[in-house]
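Enquirer: Below are the sequence and a predicted model; questions follow.
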Amino acid sequence: TQLLEQSPQFLSIQEGENLTVYCNSSSVFSSLQWYRQEPGEGPVLLVTVVTGGEVKKLKRLTFQFGDARKDSSLHITAAQPGDTGLYLCAGEGDSGYALNFGKGTSLLVTP
Amino acid sequence: EAQVTQNPRYLITVTGKKLTVTCSQNMNHEYMSWYRQDPGLGLRQIYYSMNVEVTDKGDVPEGYKVSRKEKRNFPLILESPSPNQTSLYFCASRQDRVTEAFFGQGTRLTVV
């Protein structure tokens, strides 16, 4: 199984602060996805990164795929309470069909 | 509306009593998967299916069975549930290897 390590595991910040969440692996992935999960709900896709070095922006969220396609980061600018949730990175498993997830980063943004 | 539907949302059962969690998607997706989510362990894949009648084990398949007789349905079967299968279960589907995975709303299972 291709492992995805996320850090930090927990993050508690105040509204307006910036933060970065990391997703690392020793394996090369053809693509990586970032999902956000709210309590009691299933994960919802935020972005898919495909090309090494790629940067994608989604409003205040910036996603980057490492040049070697082994790691990715999610940066949130001026975090808001609505950003609170569990952020998960995911990549294809060894078979190419299965989608493996990191353990997630639980983010709490307080007013 | 494109969706993945799981039933039931909540289930409390006793050890050894067979149960089935249903999953249905209306997007004509090829791939479907089952995951369990546990505190500190994240989302772990139980089984996945690449197409009708084609299934394969994920990382934690012990104690579970699946079937894919129709493209839209992918039920998860626990023949003899045990307390260590108490968990939050998610079904997901996606069209191909790089597209978005759509998740159901989850089934919270408690085995006593």
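Expert: Thanks, I have the structure now.

Enquirer: what sits against residue 70?
Expert: All of this is about chain A. If you count contacts by Cβ atoms under 8 Å, 6 or more residues apart in numbering or on different chains, A:Lys70 has them with A:24-29. Where C-beta positions appear, they are placed from N, C-alpha and C, glycine not excepted.

Enquirer: Oops, wrong one, chain B.
Expert: For B:Glu70, the contacting residues are B:Val52, by Cβ under 8 Å, 6+ apart.

Enquirer: hmm, back to that, of the contacts of A:Lys70, buried ones?
Expert: Neighbour-count burial (16 or more other Cβ atoms under 10 Å in any protein chain shown) applied to those gives A:24-25, A:29.

Enquirer: Those: which ones sit near chain B?
Expert: The subset of the buried ones among the contacts of A:Lys70 lying close to chain B, counting by Cβ under 8 Å from any Cβ of the partner chain, is empty.

Enquirer: Out of those, the closest to A:Gly16 would be?
Expert: Nearest to A:Gly16, judged by Cβ to Cβ, of those is A:Asn24 at 27.3 Å.

Enquirer: B:Gly42 - nearest residue in space that isn't next to it in sequence?
Expert: Nearest residue to B:Gly42, sequence neighbours excluded (Cβ to Cβ, 6 or more residues apart in numbering or on different chains): A:Lys103, at 3.5 Å.

Enquirer: Quick check: phi and psi at the one you found.
Expert: Dihedral pair for A:Lys103: phi -80, psi -10, per degrees, to the nearest 10.

Enquirer: Pretty sure it sits against A:Gln9.
Expert: Yes - contact criterion Cβ atoms under 8 Å: A:Lys103 and A:Gln9 qualify, at 6.9 Å.

Enquirer: out of those two, which sits in the busier spot?
Expert: Between A:Lys103 and A:Gln9, counted using other Cβ atoms under 10 Å in any protein chain shown, the more crowded position is A:Lys103 (22 against 12).

Enquirer: Looks like A:Cys23 contacts A:Phe65 (just checking).
Expert: No - under the criterion of Cβ under 8 Å, A:Cys23 makes no contact with A:Phe65, lying 9.7 Å away.

Enquirer: Now for those two: what residues contact both?
Expert: Common neighbours of A:Cys23 and A:Phe65 (Cβ under 8 Å, 6+ apart) are A:32, A:71-72.

Enquirer: Fine, thanks again, bye for now.
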